[in-house]
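Undergrad: model the following, please.
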Amino acid sequence: MSKYFGEFGGQYIGEVLKPALFELECAVKEIIPSEKFQAELLKLLKTYAGRPTPLCFAENLTRKLNGSKLYIKLEGLANTGAHKINNALGQVLIAKYMGKRKVIAETGAGQHGVAVAASSAKLGLECEIFMGAIDVERQRPNVFLMEQYGAKVTVVTSGTKILKDAVNATLKSWAECSDTAFYVLGSALGPYPYPDMVAGFQSIIGNEIRKDILDIEGRLPDVLIACCGGGSNAIGTFKPFIDDKVRLVAVEAGGIGDKPGENAVRMSGSASKGIVEGYKSFFLQTDEGQILATHSISAGLDYPGIGPELASLGRSGRIEFMKAYDEEVLNAYQEFAQNEGLIFALESAHAAAAALRIVPQMDKNTIAVVTMSGRGDKDIFITAKSLDAENWIKFLKSECDGYEY
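TA: Have a look, this model is predicted:
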């Protein structure tokens, strides 16, 4: 396991959490490699999470874009609707092996929270999810689902009321109850050993892509494209290909513009090095080190930092970063829905937007793979309002009229 990726990563945390992190480090080194744990996790991934997920040939868009062959990794078909279940199952299972009675987690778009809540229900652990007030408002369906799985959803009203504040609240709670609770971190960031552990669980995405594309095409893809917030989906897609001659493209949230507060562009923007939430990486921050406000149409990509391994790979040039604006994302959402019958999550639609740019520029004998990290059911209150406002508002009003308060 790597404590640092170049100069990024590390374990910059208060003394109160050092015993919990040391306990976790020991557990990760002992539990994850064991035959018993690996066998149980594999069984859960197959019979509960629904792995492997398909690699789908996008025949219609391949023809329409007139460029490379385009394939789509359908993580949205995994149980709970996104790639988050890969990591959630792994960490909740570790918690159970460690004898913890409760898991706590942060969530932004809600998919990680849903996956942790579902995994906790499956494995019989108590669950509490911390979620920023703004994300609670725009992802109400996922809040409802977490509660149906039996989780307690704690609304975070401090700071900017989004993912970074949910992370802070979860860390604070963990400091108070680490003897009985396990913190299930949702992305490949935070203090060591989380970045390595999460990347390990999510690498199943890239490993399955590798196997399937070799079976189908007899060779590796020329380009892999994945959306990138904190980075669990991106590093999970890319990690098995780091040493191969494959172009790796991570797509950040361009939001509504290029001014501070209008986007969440770190690696292809104006982020600077800093230490936040226990690790060193690139963050959107002021000269004084204050974290800047961010914006994205997708709740899962508005995080102001990025995982340390991705930061290192981006700085070295191994991973190429680009951005997609909200308007492009909505266009890609419709293009893939109308041409391939797939409703992308808004996070994943950032990768889809990049694919619409990249694929037409490639030769016809090349191969591109885009990871659909999740499906877009959760975003209906955003996408419907953006794409069909009049009818959506009319529907909501009619529904509200039928309620008795």
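Undergrad: which residues in the chain form strands?
TA: Taking DSSP state E to define them, one finds strands in the chain at 4-5, 8-9, 55-57, 69-74, 102-107, 126-132, 152-156, 181-183, 223-227, 247-255, 272-276, 279-283, 319-325, 367-372.
Undergrad: deepest-packed of those, please.
TA: Ranked by mean neighbour count, those are led by strand 223-227 with a mean of 29 (mean count of other CB atoms under 10 Å). (Each C-beta comes from the backbone N, C-alpha and C, glycine too.)
Undergrad: what is that strand packed up against?
TA: helix 232-238, strand 247-255, helix 346-358, strand 367-372 (3 or more CB pairs under 8 Å, 6 or more residues apart in numbering; DSSP states H and E).
Undergrad: strand partners (parallel or antiparallel) of that strand?
TA: strand 247-255 (parallel), strand 367-372 (parallel) (DSSP bridges).
Undergrad: with mean pLDDT as added columns, please give these in TSV.
TA: As requested, the strands paired with strand 223-227 are exported to TSV (pLDDT from 0 to 100):
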stretch	mean pLDDT
strand 247-255	98
strand 367-372	98
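Undergrad: closest to residue 42 out of the ones you listed?
TA: strand 367-372 (21.3 Å; CB to CB).
Undergrad: ok, which of the helices and strands packed on strand 223-227 comes nearest residue 386?
TA: Residue 386 lies closest to helix 346-358 among the helices and strands packed on strand 223-227, at 9.6 Å (CB to CB).
Undergrad: got the residue ranges for the helices in the stretch 101-250 of the chain?
TA: Taking DSSP state H, counting those that start in this stretch to define them, one finds helices in the stretch 101-250 of the chain at 111-123, 133-138, 140-148, 163-177, 194-202, 204-217, 232-238.
Undergrad: packed most tightly, which of those would that be?
TA: helix 232-238 (a mean of 31).
Undergrad: which helices and strands does that one pack with?
TA: Using 3+ CB pairs under 8 Å, 6+ apart: helix 232-238 touches helix 84-97, helix 194-202, helix 204-217, strand 223-227, strand 247-255, helix 308-316.
Undergrad: using CSV, write down the CA coordinates of the second one.
TA: These are the backbone C-alpha positions of helix 194-202, laid out as CSV (Å, rounded to 0.1, in the frame of the first residue of the first chain):
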residue,chain,number,x,y,z
TYR,A,194,-8.2,5.2,2.4
PRO,A,195,-7.0,6.2,-1.1
ASP,A,196,-5.3,2.9,-1.7
MET,A,197,-8.1,0.8,-0.2
VAL,A,198,-10.9,2.5,-2.2
ALA,A,199,-8.9,2.4,-5.4
GLY,A,200,-8.3,-1.3,-4.8
PHE,A,201,-12.0,-2.1,-4.4
GLN,A,202,-13.0,0.1,-7.4
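Undergrad: now do it, average pLDDT.
TA: For helix 194-202, mean pLDDT is 97.
Undergrad: sketch out the low-pLDDT regions of this protein for me.
TA: 1, 404-405 (pLDDT under 70).
Undergrad: show me the domain layout of it.
TA: Recorded structural domains for the chain (assignment: automatic domain parsing) are 4-46+83-198, 51-81+202-386.
Undergrad: got a list of what the nearest residue to residue 71 once chain neighbours are set aside touches?
TA: Leaving aside its sequence neighbours, residue 71 sits nearest to residue 369 (CB to CB, 6 or more residues apart in numbering; 4.6 Å). The neighbours of residue 369, taking CB atoms under 8 Å, 6 or more residues apart in numbering as the test, are 55, 70, 71, 72, 73, 209, 213, 221, 223, 224, 225.
Undergrad: so residue 369 bridges to which residues?
TA: Partner residues in beta bridges with residue 369, using DSSP bridges, are residue 71, residue 224.
Undergrad: and the strands of the chain as a markdown table, adding distance to residue 162?
TA: Formatted as a markdown table, the strands of the chain follow (distance: least, CB to CB, whole Å):
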| stretch | distance to residue 162 |
| --- | --- |
| strand 4-5 | 25 |
| strand 8-9 | 23 |
| strand 55-57 | 32 |
| strand 69-74 | 27 |
| strand 102-107 | 10 |
| strand 126-132 | 4 |
| strand 152-156 | 9 |
| strand 181-183 | 19 |
| strand 223-227 | 17 |
| strand 247-255 | 12 |
| strand 272-276 | 14 |
| strand 279-283 | 14 |
| strand 319-325 | 18 |
| strand 367-372 | 23 |
